[in-house]
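Asker: sequence first, predicted model second:
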Amino acid sequence: MPSILSQEQVVQFHQDGLVIVRGLFDPEETALLRRAMEEDPQVRDHILDRLDANGAATRISLWNRAGDSVYGLAARCERVVDTMAALLGGPVYHFQSKLTAKEPLVGGAWEWHQDYGYWYHNGCLFPHLASIMLALDRTTRDNGCLQLVRGSNRLGRIDHVPIEGSKDQVVADPARMAHLTKSLDIVYAELEPGDAVIFHCNTLHQSAQNRSPNRRWTFLACYNRVDNDTVIRDHGRYYVPLETVPDGAIKAAGLKFASGAEDFTSKPFVPKVRESA
Ligand SMILES: O=C(O)CCC(=O)C(=O)O
């Protein structure tokens with residue numbers, strides 16, 4: 001299946017480092033995914049809290065392999081995989097998937113970072129990775145939608161430094177960020193359930209705390225180019241062939257939970273970075 005994006009959207013992805021896709025999953029598919037995130041015992045049992053710079057927790061559940069669950073099939077369906085391969089310029093494999101969950105009133109923030117600020121340390125030599133974030137709930141400025149720095153994909157990798165008071169996240173060099181956020185636009189990915197934002201691994205992004213009464217849960221699937229397989233084997237994110245499934249597979253499977261192939265993460269991966277950039 002060819003990429004679902006228009007030529008204009010492909011150009012936008014390369015220029016801006018992000019593209020918003022409305023209605024990527026229909027309401028029935030989105031409801032299945034949302035219920036799986038809420039009800040699958042494996043997803044729930046692997047939820048980790050990641051403290052932000054102010055000590056508030058944003059929640060995440062992470063797994064490395066896309067299996068036969070409804071969320072495994074969503075990450076393997078043609079409309080997603082073929083689009084990611086077209087954007088990354090070659091065949092891809094599933095690098096990781098995650099639920100990122102901001103609970104009403106108490107949800108913590110994600111500090112400014114590039115995913116490659118983390119994934120470089122998993123042994124990916126090139127930044128040939130990208131993610132697709134699918135909204136399970138409506139995401140708005142009020143409940144901590146993703147914010148992305150337009151064009152930051154073209155900066156290259158920025159040094160990331162530790163955050164005082166949090167061992168759970170690292171942050172893109174704040175001195176550099178101050179310049180970048182003055183000169184580049186910030187895009188707020190306000191999404192309806194079923195909409196998605198696709199972004200490059202060097203695109204700087206953050207999300208604010210959720211002080212609203214509305215939950216903000218999103219499902220992300222991340223892909224690496226096959227020829228960029230990790231040179232480090234012990235983080236579980238190395239190449240395993242990705243078998244795509246037809247787009248109809250999600251509804252055909254119904255509410256299917258983890259099958260045992262997922263390789264859920266019990267401890268968050270936080271790279272050991274130095275204090276000064
Ligand atoms: O869920 C969010 O708001 C951000 C998640 C994120 O930045 C990540 O998983 O790398």
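Answerer: Perfect, thanks for sending it. Numbering: from 1, shown residues only.
Asker: rest of the way, CA atoms for contacts and neighbours
Answerer: Fine.
Asker: identify the bridge partners of the residue nearest to Asn143 when sequence neighbours are not counted.
Answerer: Of all residues not flanking Asn143 in the chain, Asn210 sits nearest, at 4.6 Å (Cα to Cα, 6 or more residues apart in numbering). Beta-bridge pairing for Asn210 (DSSP bridges): Gly107.
Asker: now do the contacts for Asn210.
Answerer: Listed by Cα atoms under 8 Å, 6 or more residues apart in numbering, the contact set of Asn210 reads 102-109, 142-144, 216.
Asker: go on, Arg157?
Answerer: Arg157 neighbours (Cα under 8 Å, 6+ apart): 114, 116-117, 202.
Asker: you'd agree it is in a strand?
Answerer: No - applying DSSP: H, G, I helix; E, B strand; the rest coil, one finds Arg157 to be coil, outside a strand.
Asker: look up how far Asp185 lies from it.
Answerer: 18 Å (Cα to Cα, to the nearest Å).
Asker: do the same with Leu129
Answerer: From Leu129 to Asp185 the distance is 22 Å (Cα to Cα).
Asker: more neighbours: which of these two?
Answerer: Leu129 (27 against 15; other Cα atoms under 10 Å).
Asker: could you list the low-pLDDT ranges of this structure?
Answerer: 276-277 (pLDDT under 70).
Asker: ranges for the helices of it?
Answerer: 7-16, 27-39, 41-45, 70-76, 78-88, 115-119, 174-183, 249-253 (DSSP state H).
Asker: His235 is nearest to which of those?
Answerer: Nearest to His235 among these is helix 115-119 (10.2 Å), distances taken as Cα to Cα.
Asker: now do the buried residues in that closest one.
Answerer: 115-119 (16 or more other Cα atoms under 10 Å).
Asker: now do stretch 161-174
Answerer: Quick answer for stretch 161-174 (16+ other Cα under 10 Å): 161-163, 168-173.
Asker: let me know the closest of those residues to the ligand.
Answerer: Gln169 (9.6 Å; Cα to the nearest ligand atom).
Asker: Asp52 is in contact with the closest one, correct?
Answerer: Yes - counting by Cα atoms under 8 Å, Asp52 is a contact partner of Gln169 at 7.0 Å.
Asker: can you pull out the strands in the stretch 101-250 of the chain?
Answerer: 110-113, 129-135, 146-149, 160-163, 166-172, 186-188, 196-200, 205-207, 216-225 (DSSP state E, counting those that start in this stretch).
Asker: okay, the ones you listed in TSV with distance to the ligand next?
Answerer: Formatted as TSV, the strands of the stretch 101-250 of the chain follow (distance: least, Cα to the nearest ligand atom, whole Å):
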stretch	distance to the ligand
strand 110-113	6
strand 129-135	8
strand 146-149	5
strand 160-163	13
strand 166-172	10
strand 186-188	11
strand 196-200	10
strand 205-207	5
strand 216-225	6
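Asker: need those in CSV (columns: distance to Pro241).
Answerer: Formatted as CSV, the strands of the stretch 101-250 of the chain follow (distance: least, Cα to Cα, whole Å):
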stretch, distance to Pro241
strand 110-113, 28
strand 129-135, 16
strand 146-149, 30
strand 160-163, 31
strand 166-172, 30
strand 186-188, 34
strand 196-200, 21
strand 205-207, 29
strand 216-225, 11
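Asker: of those strands, which is nearest Glu38?
Answerer: Using Cα to Cα, the strands of the stretch 101-250 of the chain put strand 216-225 closest to Glu38, at 9.7 Å.
Asker: and that closest one, what other elements does it pack with?
Answerer: Contact partners of strand 216-225 among helices and strands, from 3 or more Cα pairs under 8 Å, 6 or more residues apart in numbering; DSSP states H and E: helix 78-88, strand 92-102, strand 129-135.
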